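Asker: structure for the following, please:
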Amino acid sequence: MGTLLITRHGETEWNAAGRIQGHTDIGLSSIGAAQARSLGERLSGLSIDAAYSSDLKRTSETAKLALRERGTVLIETPLLREYNKGEFEGMTLSEIKSQFPDEYPKYLEKNLDYAPKGGESTRAVSARRAQIIGEIKSKHLDQTVLIVSHGGVLRAAMVSLLGMPREREKLVICVRELGLTIIDTFADNAVLRQFKTRRILMVRYIMEWLVRQDNVDSEVVSLKWQDKF
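Answerer: Numbers count the residues shown, from 1 in each chain. Here you go, the predicted structure:
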């Protein structure tokens, strides 16, 4: 059995301002750096064999701060990058609505094939996410791996690992900054052990579906509102 410790990067100034980041390389804010150090303290009792992040500053900085007391080597890969949001990057939702009134409803739809101009679709991100998660699982059998990435990518990874229908992907808000999800992986399936979040849509659907598929440990799973990091 392998174990994936999946978390999102700490806060950035654009997070705080509600601006879409995508591939724009924004570093952590002072709050985000403090959150990352706090994550390291929360992980202090766990053995971590390997660590992965995207190659964007907000995730690599988070991982390095969380791992600062360890000798764990961090592997940075573009396969764990957030969705490329194209021309919407740097904008707030209200700005998109006012400047791109025809595109705004399409952006909000749960269409796996929609992509902003110059950006990526959910289906495209799912393909690269499947590649890196598959590589991590096969390379680190029976090991514990920390993955620091982005909300959209982590949501896609969670849906894929647990075998949920892909069309439900955009209904899952996986984690807020530094919320920790733990998934135990096996040769042909995975089991959700802990799921911490500040917000989640479709909680009843997700949990009932996982229980039906035996993909959630009913005795161990932790589904909590996380208001503190």
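
Asker: how close does T7 sit to G118?
Answerer: 28 Å (Cβ to Cβ, to the nearest Å). For glycine as for every other residue, the C-beta is placed from the backbone atoms N, C-alpha and C.

Asker: how about the helices of this protein, start to end?
Answerer: Counting by DSSP state H, the chain has helices at residues 13-17, 30-42, 57-66, 93-99, 104-108, 122-139, 151-161, 203-212.

Asker: now mean neighbour count, mean pLDDT and distance to V145 too, for those, in TSV please.
Answerer: Shown next, in TSV, are the helices of the chain (neighbours: other Cβ atoms under 10 Å; pLDDT from 0 to 100; distance: least, Cβ to Cβ, whole Å):
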stretch	mean neighbour count	mean pLDDT	distance to V145
helix 13-17	15	96	25
helix 30-42	18	95	15
helix 57-66	23	98	12
helix 93-99	14	97	33
helix 104-108	14	93	32
helix 122-139	17	89	6
helix 151-161	23	74	12
helix 203-212	14	50	21
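
Asker: so which of the ones you listed comes closest to F186?
Answerer: F186 lies closest, by Cβ to Cβ, to one member of the helices of the chain: helix 122-139, at 9.4 Å.

Asker: export that closest one as PDB, just CAs?
Answerer: What follows is helix 122-139 as a C-alpha-only set of coordinates in PDB (Å, rounded to 0.1, in the frame of the first residue of the first chain):
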ATOM      1  CA  THR A 122     -10.500  20.100 -18.000                       C
ATOM      2  CA  ARG A 123     -10.000  17.100 -20.300                       C
ATOM      3  CA  ALA A 124      -6.500  18.200 -21.300                       C
ATOM      4  CA  VAL A 125      -5.500  18.800 -17.600                       C
ATOM      5  CA  SER A 126      -6.900  15.400 -16.700                       C
ATOM      6  CA  ALA A 127      -4.700  13.700 -19.200                       C
ATOM      7  CA  ARG A 128      -1.500  15.200 -17.900                       C
ATOM      8  CA  ARG A 129      -2.600  14.700 -14.300                       C
ATOM      9  CA  ALA A 130      -3.300  11.000 -15.000                       C
ATOM     10  CA  GLN A 131       0.300  10.700 -16.400                       C
ATOM     11  CA  ILE A 132       2.000  12.100 -13.400                       C
ATOM     12  CA  ILE A 133      -0.200  10.400 -10.800                       C
ATOM     13  CA  GLY A 134       0.400   7.100 -12.600                       C
ATOM     14  CA  GLU A 135       4.100   7.700 -12.600                       C
ATOM     15  CA  ILE A 136       4.100   8.500  -8.900                       C
ATOM     16  CA  LYS A 137       2.100   5.500  -7.900                       C
ATOM     17  CA  SER A 138       4.300   3.100  -9.900                       C
ATOM     18  CA  LYS A 139       7.500   4.600  -8.700                       C
END
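
Asker: now what about it, what contacts it?
Answerer: 2, 4, 50, 52, 77, 79-80, 83, 111-115, 145, 147, 152-153, 156-157, 160-161, 166, 169-170, 185 (Cβ atoms under 8 Å, 6 or more residues apart in numbering).

Asker: dump the residue contacts of T7.
Answerer: Taking Cβ under 8 Å, 6+ apart as the test, what T7 contacts is 39, 62, 146-148, 154, 175, 178-181.

Asker: for beta bridges, what are the partners of V145?
Answerer: Bridge pairing for V145 (DSSP bridges) gives the partners L4, A50.

Asker: pull up the per-residue confidence for it.
Answerer: Confidence at V145, expressed as pLDDT, is 97.

Asker: can I get the contacts of T7 in JSON lines including distance to G22?
Answerer: Shown next, in JSON lines, are the contacts of T7 (distance: Cβ to Cβ, whole Å):
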{"residue": "L39", "distance to G22": "23"}
{"residue": "T62", "distance to G22": "17"}
{"residue": "L146", "distance to G22": "23"}
{"residue": "I147", "distance to G22": "19"}
{"residue": "V148", "distance to G22": "17"}
{"residue": "L154", "distance to G22": "15"}
{"residue": "V175", "distance to G22": "18"}
{"residue": "L178", "distance to G22": "20"}
{"residue": "G179", "distance to G22": "20"}
{"residue": "L180", "distance to G22": "24"}
{"residue": "T181", "distance to G22": "22"}
